[in-house]
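Student: I would like to see how this sequence folds:
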Amino acid sequence: MIYRSGVFSRKEGLDGETFRQHWTQVHGSLASRMPGLHSYWQNHIIERLYEREGRSHHAIDGISQLAFDDVAAMERAEISPEYAACKLDIPKFQGAITILVLEREEIVPPPALSTPQRKHKLVWVSEARADFRGEALRERWMANAATSLEAVPSPTGFVQNFVTDRSHPVQAGVPSGDIPVEAISELWLSDAAALKSFAESAAGCMFIHRDPLLKPIGIYLVEEVSVR
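Tutor: Residues are numbered from 1 along each chain as shown. Sure, this is the predicted structure:
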């Protein structure tokens, strides 16, 4: 299973609530019809807990996650009429967009969809800190994952998503982004307050900001919306 992830900004001049409504009610319905799609998650930013100063890339206002069997299945969906309808809709609410292909490593399986812990999560987008990229980065990070997770108090879910492909830009009349992402991390705790408290704690700083292989670009408290 792979995940096609869009990391994108809001269309200039569009307020946050209009952006949210269009993404969930209009674009979500269009994207959910893509052939071969197993699931579609939208990550709506509730609060920006950290963003690196002096960034040269576009803003991050939303992160999508669409699951396909593999890259070939994703590419078949990209030439479908359903995807063509999505591309026509993109300029109505999105600004620049960086498209990434991700592979997931479930360190701690996420909470069940029916539980209140699933509604909110902490998401951080990171670039590589050293010269390791791709599979070399993944192997080195996974070798120490269990030990690193000891810093997190009672995680109810933790997933590390590694970038495996960035060669599928959207041709939809919006700028193609180039955020240097190597991993997208997802953490679930008991509730939104616990997530924010951890991110701002000394333990959270050690876990996120002092990762020897990954350097955070942005850290966000998000609401996770299941579209399909």
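Student: show me what the lowest-mean-pLDDT helix or strand in the chain is packed against.
Tutor: Every helix and strand of the chain was ranked by mean pLDDT, DSSP states H and E. The lowest is helix 145-148, at a mean of 90. Packing partners of helix 145-148 (3 or more C-beta pairs under 8 Å, 6 or more residues apart in numbering; DSSP states H and E): strand 94-108. Every C-beta, even on glycine, is put in place using the N, C-alpha and C of the backbone.
Student: other SSEs contacting the strand it packs on?
Tutor: Packing partners of strand 94-108 (3+ C-beta pairs under 8 Å, 6+ apart): strand 2-10, helix 134-143, helix 145-148, strand 157-165.
Student: hang on, the earlier thing: not counting its own residues, what contacts the least confident helix or strand of the chain?
Tutor: Here helix 145-148 makes contact (C-beta atoms under 8 Å, 6 or more residues apart in numbering) with 105, 107, 160, 207, 211.
Student: and if we set it to 7 Å?
Tutor: Helix 145-148 has contacts (C-beta atoms under 7 Å, 6 or more residues apart in numbering) with 107, 207.
Student: repeat that for stretch 89-96.
Tutor: By C-beta under 7 Å, 6+ apart, the residues outside stretch 89-96 that reach it are 8-12, 14, 19, 22-23, 26-27, 30, 58, 170, 172-175, 177.
Student: circling back to that earlier point, for Pro81, find the nearest of the helices and strands packed on strand 94-108.
Tutor: Nearest to Pro81 among the helices and strands packed on strand 94-108 is strand 2-10 (17.6 Å), distances taken as C-beta to C-beta.
Student: sketch out the low-pLDDT regions of this structure for me.
Tutor: Judged by pLDDT under 70, the chain has no weakly predicted residues.
Student: state the distance from the residue most central in space within it to Asn43.
Tutor: Centroid-nearest residue in the chain, with C-alpha atoms, centre = their mean: Ile63, separated by 4.6 Å. The gap separating Ile63 from Asn43 is 4 Å, by C-beta to C-beta, to the nearest Å.
Student: now swap in Phe19 and tell me
Tutor: 13 Å.
Student: quick one: the strands in the protein?
Tutor: 2-10, 39-51, 62-68, 94-108, 120-128, 157-165, 183-188, 214-226 (DSSP state E).
Student: of those, which is nearest Ala136?
Tutor: So among the strands of the chain, strand 120-128 is nearest, using C-beta to C-beta, at 9.7 Å.
Student: relative to that closest one, what are the paired strands and their orientations?
Tutor: Using DSSP bridges, the strands paired with strand 120-128 are strand 183-188 (antiparallel), strand 214-226 (antiparallel).
Student: what's the angle from that strand to strand 157-165?
Tutor: Put simply, strand 120-128 runs at 40 degrees to strand 157-165, going by axes from the mean of the first three to the mean of the last three C-alpha atoms, to 10 degrees.
Student: report the distance from strand 120-128 to the chain centre.
Tutor: Chain-centre distance of strand 120-128: 7 Å, with C-alpha atoms, centre = their mean, to the nearest Å.
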